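Student: Provide a 3D model corresponding to the input given below.
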Amino acid sequence: MRNRRPLSHVSMVWLVPIVLLLGTIVAAQQKVPFRNNTPVAPQGIKVPPLPDKPVEFHTAEGQDIRVVVVASGLAHPWSLAFLPDGTLLVTERGGRLRAIRNGAIDPQPVAGVPAVRAMGLSGLMDIALHPQFAQNHFVYLTYSKPVGDTQSTLALARGTFDGRALVDVRDLFVAGPGTGGGSRIAFAHDGTLFMTTGGGGGSGAQDPNSHAGKVLRLRDDGGVPSDNPFVGRAGYKSEVYSLGHRNSLGLAVHPGTGDVWQNENGPNGGDEINIIKPGRNYGWPLVSYGRTYPGPRQAEQPWREGFEQPVVFWVPSIAISGMAFYTGNRLPKWKGDVFVGGMRTGEIPGTGHLERILFNENMEELRRESLLGDLRQRIRDVRQGPDELIYLLTDAEDGAVLRIEPSK
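Tutor: Next comes the predicted model:
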């Protein structure tokens with residue numbers, strides 16, 4: 001073998017500064033403060049007050065829009081529903097249901113809402129009207145139900161709206177202990193009800209005998225449909241329709257295909273939209289396109305056999321929340337597009353916005369656009385109104401209902 005020559009004096013002269021430079025680069029990284037193993041968020045960018053006049057925006061598809069504040073003064077609004085008479089019902093995370101008529105918030109909250117334990121980002125959450133609301137006046141709510149002195153679990157309640165209050169309110173479904181996080185509901189074309197539950201950082205999302213981290217499918221009376229994928233299977237909750245979800249904050253039914261679309265928050269990166277199929281596993285926490293909050297990847301492989309791929313994912317995260325398919329004619333350049341709310345981008349407060357995603361005829365993503373970034377609002381929910389315009393909720397102590405309409 002050829003003898004290796006020792007490093008020359010000249011080589012050593014160059015090597016020492018390189019080592020010192022590398023050490024300087026490593027040492028130059030800031031020490032970020034942590035709380036509960038999560039980096040403490042910076043102050044972010046100051047959020048300006050919402051304008052008191054309509055604001056116009058140009059958009060990428062040539063769909064110029066005007067944003068109007070319909071009503072303000074809501075305390076962390078979470079979801080909204082449109083009644084046939086034009087009334088808006090809006091849930092507030094703290095436990096109140098508010099009625100908005102002709103742009104004015106009724107000073108008296110709607111009575112009859114179940115007792116709620118508002119903790120963190122959970123409390124009184126989604127609202128949905130029964131498909132035959134005009135006949136039965138049924139209103140459905142998801143909420144954090146108090147359990148004991150300090151705990152809570154997710155529950156689905158139904159009441160009858162008499163124009164001023166919810167009456168005959170009762171729980172249709174109460175999840176098992178320890179089930180928390182956000183919860184959305186949506187009625188499918190066959191009249192069954194889909195409900196999401198949070199999976200968080202634990203192993204419950206992969207446990208088929210836990211309600212945590214799942215999409216559930218129920219009858220409109222809270223019972224279990226006989227054709228659910230795990231009915232009669234030992235070790236599986238019969239309500240479970242899909243598993244392996246983190247924190248699901250958006251749910252919508254495709255108006256044409258009837259497919260159920262769901263979105264969920266990743267950790268630091270890895271927000272995603274999924275098409276929910278019976279009995280499928282969506283991977284959390286075993287696979288993810290995101291990173292843990294301290295920095296390492298959530299999983300070495302973002303996907304592997306046996307798990308469903310997302311239709312769309314975000315890196316960095318946008319803290320996705322709410323989702324709607326636009327089917328109207330008032331904003332024609334956006335017909336068929338999917339809209340989702342974003343509450344902050346890349347872990348920076350004050351960067352909330354709305355996102356629009358354009359798909360081809362096979363529902364494959366073609367492009368996406370960030371909208372309303374100048375408003376810097378946390379967009380909690382997105383809905384299409386009966387007037388074929390888009391309505392948003394801003395998540396703030398002084399939250400608001402916004403309406404997007406054509407500028408001309």
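
Student: which residues sit against stretch 227-236?
Tutor: 208, 209, 217, 224, 225, 237, 238, 239, 240, 241, 278, 279 (CB atoms under 8 Å, 6 or more residues apart in numbering). Glycine gets a C-beta too; all of them are placed from N, C-alpha and C.

Student: again, only this time at 10 Å
Tutor: 190, 192, 207-210, 216-219, 224-226, 237-243, 277-280 (CB atoms under 10 Å, 6 or more residues apart in numbering).

Student: tell me the buried residues in that stretch?
Tutor: Residues of stretch 227-236 classed as buried by neighbour count (16 or more other CB atoms under 10 Å): 228, 229, 230, 236.

Student: ok, stretch 290-298 next?
Tutor: Buried-residue list, stretch 290-298, by 16+ other CB under 10 Å: 290, 291, 292, 293, 297, 298.

Student: quick one: terminal-to-terminal distance for it?
Tutor: 6 Å (CA to CA, to the nearest Å).

Student: please apply the same query to stretch 382-390.
Tutor: 7 Å.

Student: and it, what's buried?
Tutor: In stretch 382-390, residues buried by neighbour count (16+ other CB under 10 Å) are 382, 383, 384, 385, 389, 390.

Student: out of those residues, what pair is the most spread apart?
Tutor: Distances among the buried residues of stretch 382-390 were taken as CB to CB; the most separated pair is 382 and 389, at 11.7 Å.

Student: if we can go back for a sec, make TSV out of the buried residues of stretch 290-298 and add secondary structure and distance to residue 320.
Tutor: TSV is the format used below for the buried residues of stretch 290-298 (DSSP: H, G, I helix; E, B strand; the rest coil; distance: CB to CB, whole Å):
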residue	secondary structure	distance to residue 320
290	coil	12
291	strand	16
292	coil	18
293	coil	17
297	strand	20
298	coil	16
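
Student: of those, closest to residue 203?
Tutor: Proximity of those to residue 203 (CB to CB) peaks at residue 298, which lies at 13.8 Å.

Student: residue contacts, the closest one?
Tutor: 201, 246, 266-270, 283-292.

Student: re the thing from before, take the contacts of stretch 227-236 and keep only those in strands.
Tutor: 216, 217, 218, 240, 241, 242, 243 (DSSP state E).

Student: so the last one sits against residue 274, correct?
Tutor: Pointing back at residue 243 there. No. Counting by CB atoms under 10 Å, residue 243 sits too far from residue 274 to count as a contact (11.7 Å).

Student: quick one: residue 346 and residue 352 touch, right?
Tutor: No. Contact criterion CB under 10 Å: residue 346 and residue 352 do not qualify, at 11.8 Å.

Student: show me which of the two is the more surrounded one.
Tutor: residue 352 (27 against 13; other CB atoms under 10 Å).

Student: quick one: pLDDT of the residue nearest to residue 193 when sequence neighbours are not counted?
Tutor: Using CB to CB, 6 or more residues apart in numbering and skipping the chain neighbours, the partner closest in space to residue 193 is residue 218 (4.8 Å). We have a pLDDT of 98 for residue 218.

Student: tell me how many other residues crowd residue 218.
Tutor: Residue 218: 21 neighbours (other CB under 10 Å).

Student: so who does it touch?
Tutor: With CB under 10 Å, 6+ apart, residue 218 has these contacts: 140, 156, 172-173, 185, 192-195, 224-225, 228, 239, 241.

Student: buried among the contacts of stretch 227-236? Need that as a selection in PyMOL.
Tutor: A single PyMOL command selects the buried members of the contacts of stretch 227-236 (16+ other CB under 10 Å):
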select buried, resi 192+207+210+216+217+218+224+225+237+238+239+240+241+242+243+280
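
Student: for the nearest residue to residue 211 once chain neighbours are set aside, give me phi and psi.
Tutor: Leaving aside its chain neighbours, residue 211 sits nearest to residue 175 (4.0 Å; criterion: CB to CB, 6+ apart). In terms of degrees, to the nearest 10, the main-chain angles of residue 175 are phi -70, psi 160.
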